[in-house]
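[1] no sequence for this one, just the structure:
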């Protein structure tokens with residue numbers, strides 16, 4: 001009897017030991033799976049990461065990664081523009097794990113998904129569930145609201161939102177701005193005054209936003225706020241670190257001379273913001289001092305600033321003083337923001353993405369397309385906007401992926417990895433099947449990305465249409481003949497026909513002053529000249545506050561370019577796409 005008891009206790013003891021070992025082994029397996037999934041996520045391999053996270057999402061009492069796997073699964077979906085999948089997964093996390101310690105992140109990303117879809121009230125409700133002290137700082141919440149709600153121009157929608165969130169200062173500010181931007185006679189002045197009083201807003205920021213009366217002058221003063229870095233310049237023929245700034249201003253100066261001969265008087269004043277990449281704070285301090293000058297306070301137009309860090313100071317000054325400000329080279333719509341006097345001379349990143357989708361939708365029979373983009377914020381903005389517009393137009397986005405320097409090689413694997421060969425060992429089939437896609441939109445100026453796309457398309461030999469940027473044309477490592485052979489098209493806001501008489505005259509004038517004309521496609525002297533010619537003529541025709549006149553008269557003919565079309569979004573939507581034909585760059589008709 002005693003012996004049987006001993007055997008029974010020994011068996012129980014061994015069962016407990018083996019059970020403990022089994023649990024330990026299981027925990028190790030879950031840890032290993034989770035690490036592998038996270039590695040895929042960090043490497044940008046979101047399809048693989050989703051598959052790796054999927055088994056970890058199933059509840060198991062020994063699995064500590066269920067909630068995290070579900071969250072990262074949603075993140076992978078979001079990065080591939082599967083927003084509906086991401087939203088459903090985040091909602092599932094809220095339902096199953098309401099007490100999870102990372103639930104604030106879930107609500108934050110849900111809010112962004114709703115906002116991106118234009119579901120503003122849903123987005124606000126999701127943000128209201130974020131406990132700001134735990135995850136998102138109060139200023140971050142405010143920034144998200146400003147970013148997305150500033151897209152709403154209808155005061156009625158904002159009024160309804162204000163009724164639901166009467167204590168939200170960001171909603172109040174945007175409602176006040178929307179009312180103030182309404183034409184005189186249609187403004188709800190009682191509500192505007194109530195909002196201003198409720199949040200103690202500076203009334204001067206919301207009076208007269210719908211536009212002051214036209215002002216015409218014999219001479220218009222244009223203040224240029226550029227980083228000339230005059231103290232560092234040396235009288236040598238070598239290119240300067242800020243050469244494009246000097247070229248841009250030289251073009252503006254040449255245009256002012258031309259305009260004078262045409263009866264348009266522009267007083268061009270140059271101010272050095274002194275900003276260098278190594279010392280951005282110096283630029284901000286220089287901007288502050290310049291904005292205190294009386295002559296700048298009474299200028300008719302500010303050109304600049306060039307850098308984002310200096311933007312806020314000039315925007316506030318522009319709005320307070322009712323002075324138009326333009327950036328002649330940026331595509332970033334932040335330079336407009338909510339400033340009614342801000343505008344871009346170039347198309348915005350959003351416009352570049354949308355118009356690229358429109359081009360491909362109209363020129364491809366095969367509606368399957370790919371979006372390949374870099375890891376900069378501007379690349380992401382173009383890619384997202386292309387994706388949205390493509391879906392509206394019936395294009396089927398079968399692949400969308402972001403690439404970094406370390407992952408760019410994947411482009412070759414995706415597009416040009418052979419799977420079949422002929423008898424001479426030439427590839428005849430690829431992982432991405434021949435003719436399975438009709439077009440590729442490349443949202444990047446990074447040569448590591450677009451050169452691999454070019455090489456892949458060349459290796460495939462099928463009829464894929466590629467749309468990229470005119471900046472590619474200044475890469476000496478790419479044989480321009482490949483662009484013609486592959487029928488690659490470029491978004492080209494700064495395109496000029498070299499056979500155009502106006503360009504020939506401009507080129508001659510430049511050579512007379514400088515001895516030789518730069519060989520680069522993207523010639524900033526030309527950009528500065530075209531910018532000043534168009535804006536100078538607009539000042540003459542419409543006065544100091546020329547933006548509304550430009551919108552009503554758009555498109556307007558360019559001087560060196562084909563046309564300039566000033567959109568309601570206050571950027572240029574009239575740019576062409578170009579391609580090579582018999583060695584010449586010509587516009588796509």
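    Happy to help now that I have it. Bear in mind that the values here come from a model prediction, so they are computed numbers and not experimental data.
[2] Got phi/psi on residue 399?
    phi -150, psi 130 (degrees, to the nearest 10).
[3] for it, what are its contacts?
    Neighbour list for residue 399: 370-371, 414, 432, 437 [criterion: CB atoms under 8 Å, 6 or more residues apart in numbering]. From N, CA and C alone the C-beta is placed, and that goes for glycine too.
[4] now it: how far from residue 519?
    37 Å (CB to CB, to the nearest Å).
[5] where along the stretch 251-400 of the chain do the strands fall?
    265-272, 301-303, 324-327, 342-344, 368-373, 396-402 (DSSP state E, counting those that start in this stretch).
[6] and of these, who's closest to residue 471?
    strand 368-373 (14.4 Å; CB to CB).
[7] what about that closest one, distance to the chain center?
    16 Å (CA atoms, centre = their mean, to the nearest Å).
[8] Strands of the stretch 101-250 of the chain, start to end?
    Under DSSP E, counting those that start in this stretch, the stretch 101-250 of the chain gives strands at 219-226.
[9] residues in contact with the residue lying closest to residue 76 once chain neighbours are set aside?
    In space, residue 76 comes closest to residue 46 once its chain neighbours are excluded; the distance is 4.1 Å by CB to CB, 6 or more residues apart in numbering. Counting by CB under 8 Å, 6+ apart, residue 46 makes contact with 40, 76-77, 79-80, 401.
[10] Which residue ranges make up each domain of the protein?
    Using automatic domain parsing, the domain parsing of the chain gives 155-206, 219-344, 349-491.
[11] so where is the stretch 101-250 of the chain shaky, pLDDT-wise?
    132-137, 183-187, 189, 204, 207-213 (pLDDT under 70).
[12] circling back: indicate which one of the strands of the stretch 251-400 of the chain is closest to residue 501.
    Closest approach to residue 501 among the strands of the stretch 251-400 of the chain (CB to CB): strand 265-272, 23.3 Å.
[13] Flag the shaky bits of the protein, pLDDT-wise.
    Those would be 1-28, 132-137, 183-187, 189, 204, 207-213, 276-277, if you go by pLDDT under 70 across the chain.
[14] now do 50
    1-26, 134-135, 184-185 (pLDDT under 50).
[15] residues contacting the closest residue to residue 570 other than its chain neighbours?
    Closest residue to residue 570 apart from its sequence neighbours, by CB to CB, 6+ apart: residue 343 at 4.1 Å. The contact partners of residue 343, taken as CB under 8 Å, 6+ apart, are 324-326, 336, 547, 566, 570-571.
[16] One more: residue 554?
    Taking CB under 8 Å, 6+ apart, one finds 564-567, 574 in contact with residue 554.
[17] Residue 337 now?
    150, 311, 315.
[18] can you list those in CSV and add distance to residue 529 and neighbour count?
    Output for the contacts of residue 337, formatted as CSV (distance: CB to CB, whole Å; neighbours: other CB atoms under 10 Å):
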residue, distance to residue 529, neighbour count
150, 33, 15
311, 25, 22
315, 26, 21
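[19] export those to TSV and tack on distance to residue 365?
    Converted to TSV, the contacts of residue 337 look like this (distance: CB to CB, whole Å):
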residue	distance to residue 365
150	39
311	43
315	45
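[20] quick one: which of those residues sit in helices?
    Under the assignment DSSP state H, the contacts of residue 337 contribute 311, 315 to helices.
[21] The stretch 351-500 of the chain: helices as residue ranges?
    Secondary structure of the stretch 351-500 of the chain (DSSP state H, counting those that start in this stretch): helices at 377-392, 410-416, 447-460, 480-485.
[22] how about these, which one is nearest residue 242?
    Nearest of those (CB to CB): helix 377-392, 20.6 Å.
[23] To residue 188, which of the helices of the stretch 351-500 of the chain lies closest?
    Relative to residue 188, the nearest member of the helices of the stretch 351-500 of the chain by CB to CB is helix 377-392, separated by 31.8 Å.
[24] Now for the contacts of residue 399: which two are most distant?
    For the contacts of residue 399, the farthest-apart pair by CB to CB is 371 and 432; their separation is 13.8 Å.
[25] Which one's more surrounded, these two?
    A direct count of neighbours by other CB atoms under 10 Å for residue 371 and residue 432 places residue 371 higher, at 28 against 20.
[26] Which residue is the nearest non-sequential neighbour of that one?
    Leaving aside its sequence neighbours, residue 371 is closest to residue 400 (4.1 Å, by CB to CB, 6+ apart).
[27] neighbours of the closest residue in space to residue 507 that isn't next to it in sequence, just the number please.
    Residue nearest to residue 507 in three dimensions, not counting chain neighbours: residue 517, with 5.4 Å by CB to CB, 6+ apart. When neighbours are defined as other CB under 10 Å, residue 517 has 14 of them.
[28] Could you give the secondary structure assignment for residue 517?
    coil (DSSP: H, G, I helix; E, B strand; the rest coil).
[29] got a list of what it touches?
    Contacts of residue 517 (CB under 8 Å, 6+ apart): 507, 510-511, 523.
[30] Go again with 7 Å.
    Residue 517 is in contact with 507, 510-511, counting by CB atoms under 7 Å, 6 or more residues apart in numbering.
[31] got it, and residue 487?
    465, 579.
[32] let's see 8 Å
    Here residue 487 is in contact with 465-466, 579 (criterion: CB under 8 Å, 6+ apart).
[33] Sweet, I'm off.
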